[in-house]
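Student: Take a look and give me a structure for this.
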Amino acid sequence: MNNPNDLLRSLESLSGPFPSFDVNMLPETPGELFLQWLNLAIENGVKEPHAMTLSTVDANGYPDARVLILKNVVNDTFYFASSSESRKGQQLKRNPQAAITFYWPMLGRQIRLRGMVEDREDEAGTSDFLQRSAEARAVALTGNQSRELVREEELEYSVAKQKERISRDPNITTLNWRLYAMNVREADFTPNWIV
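Tutor: Got it, this is the predicted structure:
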C-alpha cells in the first residue's frame, strides 16, 4: 500500500472491548479520577502508564510536545522533572501555561490536563535528581538535552564519564535539574465511547 491515506484508513482504532466507565461514580477531583484510571491501567498491563505528553509553547507561539514520565500526583497537582536548560525548561520559564496528555489505547482512554506550571525550586529538584537511577543521572549530567547529536559516540563517552563522576560522588547533583508542578485548571477524561 503506497497511498498513506489508504494505509492510515486501513488501521483499526478504538477496537475494544474496553472497561466500562460510570459517569455517575465520579470522585470529587481530577487528581482522584486520574489515580483511579492509572491504577486500572496498571492492573490491565498498560506499558509505561506514567508516560505523558507535555505540551508547551515556544517564543514564537508555536506548540511543542514531548513525552516525559509523571513523577507524582498530589491532589490536583501533577509533577514532572527536567533540565531548566532544555527546550521545555526554557519554554516553561517564558510561558508557564502547559498541557499534559495521557493515552492508554488498550483501555480506550485519554486524559487531557491544562494548567500553570511552577518550578518547585532547588531542594525539590535536588531531591528528584537523587532519586533517579545512576544511568538517568549520568544522562542528565551530560547537559545534551534538546541539542543536536552529531555522533552517538560523543554521547556514549559523555555518559560514561558522568557515570564515573557519580561512582566517585553518589550525591552529585546539578542545579539545572528542576521538579515542576502543574496545577490543573482544566481536565478532560475521555473514555472509549467518546471520540
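Student: what's in contact with stretch 52-61?
Tutor: Residues from elsewhere that reach stretch 52-61, judged by Cβ atoms under 8 Å, 6 or more residues apart in numbering: 63-70, 78, 80, 87-88, 91-92, 94-95, 97-103. From N, CA and C alone the C-beta is placed, and that goes for glycine too.
Student: how about 7 Å then?
Tutor: Applying Cβ atoms under 7 Å, 6 or more residues apart in numbering, the external contacts of stretch 52-61 come out as 63-68, 70, 80, 88, 91-92, 94-95, 97-102.
Student: From those, keep the buried residues only.
Tutor: Neighbour-count burial (16 or more other Cβ atoms under 10 Å) applied to the contacts of stretch 52-61 gives 68, 70, 80, 88, 91-92, 98-102.
Student: Grab the two from the residues you listed that are most spread out in space.
Tutor: 91 and 102 (20.2 Å; Cβ to Cβ).
Student: quick one: secondary structure of the residue nearest the centre of the chain?
Tutor: Using Cα atoms, centre = their mean, the residue of the chain that lies closest to the mean C-alpha position is residue 68, 2.7 Å off. Recorded secondary structure, residue 68: strand (DSSP: H, G, I helix; E, B strand; the rest coil).
Student: mind listing what it touches?
Tutor: 52, 54, 80, 82.
Student: now do 8 Å
Tutor: By Cβ under 8 Å, 6+ apart, the contact list for residue 68 reads 51-54, 80-82.
Student: Same check on residue 93?
Tutor: When contacts are counted by Cβ under 8 Å, 6+ apart, residue 93 touches 84, 119.
Student: Give me the contacts around the lowest-mean-pLDDT helix or strand in the chain.
Tutor: Across the helices and strands of the chain, mean pLDDT, DSSP states H and E gives its lowest value to helix 152-168, namely a mean of 82. By Cβ under 8 Å, 6+ apart, the residues outside helix 152-168 that reach it are 134-135, 137-139, 141-142, 144, 149, 172.
Student: Correct me if wrong: residue 173 contacts residue 126.
Tutor: Yes. The pair residue 173 / residue 126 is scored as a contact, 4.9 Å apart, by Cβ atoms under 8 Å.
Student: Partner strands of the strand or helix carrying residue 183, with direction?
Tutor: Element membership for residue 183, per DSSP states H and E: strand 177-190. Strand 177-190 has the following sheet partners, assigned by DSSP bridges: strand 77-83 (antiparallel), strand 109-119 (antiparallel).
Student: so for the first one, what's the average pLDDT?
Tutor: When the per-residue pLDDT values of strand 77-83 are averaged, the result is 96.
Student: Could you give me the buried positions within that strand?
Tutor: In strand 77-83, counting by 16+ other Cβ under 10 Å, buried: 78-83.
Student: Compute the number of surrounding residues for residue 157.
Tutor: Residues within reach of residue 157, counting by other Cβ atoms under 10 Å, total 12.
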